[in-house]
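Q: Attaching a predicted model along with its sequence, questions to come.
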Amino acid sequence: MPSNCNKCKNNITRLDNDKINCTNCEMMFHTRCVNLPDVNINKDIWKCENCVIKVKSKEPILDEILKELRLLKSEHAEVQKSLNLCYEKIEDCNLILKKQEQTLVEHLERIELLETNNSTLRKENLELKRQINDLEQYSRTNCVEISGVPEFKDENTMSVVQAAGTALGLNLDSYTIDTCHRLKKNFNNQPRNIIVKFVRRLDKEEFLRCRRIKRNLSNYMLDP
Ligand SMILES: [Zn+2]
Ligand SMILES: [Zn+2]
């Protein structure tokens with residue numbers, strides 16, 4: 001296939017000895033057109049004028065690129081280092097999160113247990129209150145509160161109550177009375193009331209009946 005010289009644009013025949021190819025761009029030239037002497041030309045490394053200029057102009061760019069590459073490499077190393085630090089921190093955070101999650105689960109379990117216990121205790125408390133109320137109601141049925149009985153130092157409350165019984169014509173002894181004692185301090189310096197708990201409700205009713213008959217019982221005022 002016939003080619004043209006890239007300089008003079010004239011035909012270069014296959015048999016033409018006066019021809020050379022650029023090893024870079026592969027374009028064909030007459031040797032006379034590119035000012036080459038006939039001898040001592042290494043045709044394996046020859047480059048045309050354009051390619052020589054291009055290569056020369058590329059050299060500084062290559063240097064720049066290499067510099068940039070080195071810079072990028074060092075920056076990449078820095079970034080990698082930072083990333084590794086971030087991974088470590090994320091790992092630490094994950095560990096903390098897991099611990100907190102476990103603590104939260106434990107606390108929730110404790111709260112659940114406490115709620116169950118609280119509910120049980122509330123039920124028991126209600127039941128106990130009901131029982132105490134019943135007991136109070138029941139024990140109150142056998143009690144009488146006596147007011148206005150003069151109070152003496154080191155007195156025997158049982159003897160005082162027995163004296164009141166005698167005044168009413170009743171024999172009150174340890175079989176009739178379960179217990180008796182003064183209540184808390186009255187206001188306005190009045191003697192403290194006495195609470196008497198009878199063993200049997202019938203004895204209490206008898207005591208109150210006699211008290212109603214003898215309303216003029218001196219100094220004594222009896223409250224059922
Ligand atoms: Zn030519
Ligand atoms: Zn060339």
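A: Received, thanks. Numbers count the residues shown, from 1 in each chain. Ligands and ions are numbered 1, 2, ... in the order given.
Q: rest of the way, CA atoms for contacts and neighbours
A: OK.
Q: Below-threshold pLDDT in this protein: ranges please.
A: Scanning the chain for pLDDT under 70 picks out the ranges 1-2, 38-39, 215-224.
Q: Work out for me the element the residue nearest the centre of it sits within.
A: Nearest to the geometric centre of the chain sits residue 104, at 5.1 Å (C-alpha atoms, centre = their mean). For residue 104, the host element (DSSP states H and E) is helix 49-140.
Q: Just name whatever secondary elements that helix is in contact with.
A: The helices and strands touching helix 49-140, judged by 3 or more C-alpha pairs under 8 Å, 6 or more residues apart in numbering; DSSP states H and E, number zero.
Q: Show me what from the chain comes close to ligand 1.
A: 5, 8, 30, 33 (C-alpha under 5 Å from the ion).
Q: top of those by neighbour count?
A: Most neighbours among these, by other C-alpha atoms under 10 Å: residue 30, with 23 neighbours.
Q: Can you list phi and psi of the nearest residue to that one once chain neighbours are set aside for me?
A: Nearest residue to residue 30, sequence neighbours excluded (C-alpha to C-alpha, 6 or more residues apart in numbering): residue 19, at 4.4 Å. Dihedral pair for residue 19: phi -150, psi 160, per degrees, to the nearest 10.
Q: which residues does residue 19 contact?
A: 12, 28-31 (C-alpha atoms under 8 Å, 6 or more residues apart in numbering).
Q: Which one of those is nearest to residue 87?
A: Among the contacts of residue 19, residue 28 lies closest to residue 87 (C-alpha to C-alpha), at 59.5 Å.
Q: number of nearby residues for the closest residue to that closest one other than its chain neighbours?
A: Here the nearest residue to residue 28 in space, its sequence neighbours aside, is residue 21; by C-alpha to C-alpha, 6+ apart that works out to 4.6 Å. By the other C-alpha under 10 Å criterion, the neighbourhood of residue 21 contains 20 residues.
Q: One more: residue 116?
A: 12.
Q: ok, back up a step: what separation is there between the residue nearest to residue 28 and residue 43?
A: 7 Å (C-alpha to C-alpha, to the nearest Å).
Q: before we move on, what about residue 83?
A: 53 Å.
Q: ditto for residue 19
A: In terms of C-alpha to C-alpha, residue 19 sits 10 Å off from residue 43.
Q: One more: residue 34?
A: Counting by C-alpha to C-alpha, the gap from residue 34 to residue 43 is 13 Å.
Q: These two: who's more crowded?
A: Neighbour count, other C-alpha under 10 Å: between residue 34 and residue 43, residue 34 has more, with 16 against 11.
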